[in-house]
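Participant: sequence plus predicted model, see below.
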Amino acid sequence: MGQVNAPNTPSSPAADHADGDAGLGDPLAAFAALRTGTGRALLDEVRDVEPAQELAAATRLRRTYPAPLVSAALAQARLRARAAAKFGAEDAARMFFTPNGVEQSTRASVATHRAERFKALGVGSLADLCCGIGGDAIALARAGISVLAVDRDPLTCAVARANAEALGLAGLIEVREADVTDVDTSAYDAVFVDPARRSSGRGRIFDPESYSPPLSWAVEAARKAPRAALKIAPGIPHEAVPAEAEAEWISDGGDVKEAVLWFGTDHPASHRATLLPGGASLRSPLATMLPDPGVRAVGRYLYEPDGAVIRAHLVAEVAARVAGGLIDETIAYVTSDELHATPYAVAYEITDQLPFGVKKLKALLREREVGILTVKKRGSAVEPEELRRKVKPRGKNAATVFLTRVAGAPTMLLGHPAT
């Protein structure tokens, strides 16, 4: 139902012209054409075309190939270039994408982490509901897990199927076009649900019950499975997290990428922050989470907790590890007189603390010969680029300035990464 079967034998451009361009305006037909021998040859030709060269390349290639096929190939080349940041250049060059697929698919490093967790839980087969273009299914299959990948969009299913074949994983990934609410998952060891959190008309969706399918449906589907994980937006209100779930917030390279609700793990009713690529993981049961640390005077060191730690409400656990407290009860900066190595926060040595003021900062930077200025902010309305333009840093030295509040007062903290 809706499956696209690409011919295995190459066709010639002349044959394509003989068949005419009719039908290539349909997305499924255009995608099928890209998977023919002619389409693959064209994709190879446009692989290294730079954006500024597209018009000239399109004009040249349309003398040989149907114009709609040239347009589809150039669009696919652009998508592959964008996808390299998520999937790596080698995989992205072989895979196929849609604009929504690139935007909404899971980063490969995060998908691999999740697949490894499923594998460690003893999962051998899994139903991937709302599979998209197959990013998670690929990681799961590479972990040795047999995957049923389900999506209701015909083009998305065709792309997911093509990606499984392109990466040599078709034997472990079955792609099925269906409404996920109609799929019987009882035969599988686990369920993974990645509800759509964007709509074409409204953009990003913030209400979990407006996900497609709604979070409440996904939670019930998870509760019926031996093991399950639900991918959700990292900004989900904590009160929307089911009491029995293990909620995990994941960052990659310091940027928070997503949150996952796990069911059937050894750590129910807990919060976890996982930091990739290193894999450091900080977890606390909800029943024993530490209360917010107290506010204290700024010490020699300032710790900037990772975003996943902040989202998981585990700043107190980090503060306890570095013998520190907060600089303000509403700001997630931790201060301490001691330097402690921790993967969960970046430490800075503070050299100056002064009330907010552009002239004061400009004079201090000139005195210190600071030409490389990193501006960080929490609890300040000032935009970093605006401040950088005003102070016009010049000199041979580097510094970091924090625009924040200390005990309620707008404050600037000047320092540098601790070593």
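Facilitator: Yep, it's here.
Participant: so residue 156, which state does it fall into?
Facilitator: Each residue gets one of three states, and residue 156 gets helix by DSSP: H, G, I helix; E, B strand; the rest coil.
Participant: so it versus residue 204, what's the distance?
Facilitator: 19 Å (CB to CB, to the nearest Å). In this view, the C-beta of every residue, glycine as well, is placed from N, C-alpha and C.
Participant: which one of those two has more residues nearby?
Facilitator: Neighbour tally, residue 156 and residue 204, criterion other CB atoms under 10 Å: the higher count belongs to residue 156, 22 against 9.
Participant: correct me, but that one touches residue 97?
Facilitator: No: counting by CB atoms under 8 Å, residue 156 does not reach residue 97; the two are 10.4 Å apart.
Participant: find the residues that touch each one of those two.
Facilitator: Counting by CB atoms under 8 Å, 6 or more residues apart in numbering, the residues touching both residue 156 and residue 97 are residue 133.
Participant: my guess is residue 176 contacts residue 147, does it?
Facilitator: No: under the contact definition of CB under 8 Å, residue 176 does not touch residue 147, with a separation of 10.5 Å.
Participant: just the pLDDT for residue 21.
Facilitator: Per-residue pLDDT puts residue 21 at 52.
Participant: now residue 16
Facilitator: pLDDT for residue 16: 42.
Participant: tell me, how many residues neighbour residue 358?
Facilitator: Using other CB under 10 Å as the criterion, residue 358 is surrounded by 13 other residues.
Participant: report the contact partners of it.
Facilitator: Contact criterion CB under 8 Å, 6+ apart gives 387, 390-391 as the residues in contact with residue 358.
Participant: what about it, distance to residue 387?
Facilitator: 7 Å.
Participant: on that earlier part again, so between residue 176 and residue 147, which is more surrounded?
Facilitator: The neighbour count for residue 176 versus residue 147, taken as other CB under 10 Å, is higher for residue 147 (27 against 20).
Participant: backbone dihedrals for residue 114, please?
Facilitator: The phi and psi torsions at residue 114 (degrees, to the nearest 10) take the values phi -70, psi -40.
Participant: repeat that for the one 4 residues further on.
Facilitator: According to degrees, to the nearest 10, the main-chain angles of residue 118 amount to phi -60, psi -40.
Participant: for it, give me its contacts.
Facilitator: Taking CB under 8 Å, 6+ apart as the criterion, residue 118 is in contact with 126, 140, 143, 145, 190, 192, 227, 229.
Participant: and if you look at residue 208?
Facilitator: 214-216, 232-233, 236, 240.
Participant: sort out for me which of those residues are in helices.
Facilitator: Per DSSP state H, helices hold the following members of the contacts of residue 208: 215-216.
Participant: check the contacts of residue 208 and tell me the two furthest apart.
Facilitator: 216 and 233 (15.3 Å; CB to CB).
Participant: who has more neighbours, the two?
Facilitator: Taking other CB under 10 Å, residue 216 and residue 233 do not tie; residue 233 has more neighbours (16 against 13).
Participant: distance of the more buried one relative to residue 290?
Facilitator: Distance of residue 233 to residue 290, computed by CB to CB: 25 Å.
Participant: repeat that for residue 90.
Facilitator: Between residue 90 and residue 290 the distance is 43 Å, computed by CB to CB.
Participant: number of residues surrounding residue 99?
Facilitator: Counted with other CB under 10 Å, residues neighbouring residue 99 total 11.
Participant: you'd agree it is up against residue 76?
Facilitator: No: proximity of residue 99 to residue 76 does not meet the contact threshold set by CB under 8 Å, at 10.6 Å.
Participant: neighbours around the residue lying closest to residue 391 once chain neighbours are set aside, how many?
Facilitator: In space, not counting the residues next to it along the chain, residue 391 is nearest to residue 362; the distance is 4.3 Å by CB to CB, 6 or more residues apart in numbering. Residue 362 is flanked by 15 other residues according to other CB under 10 Å.
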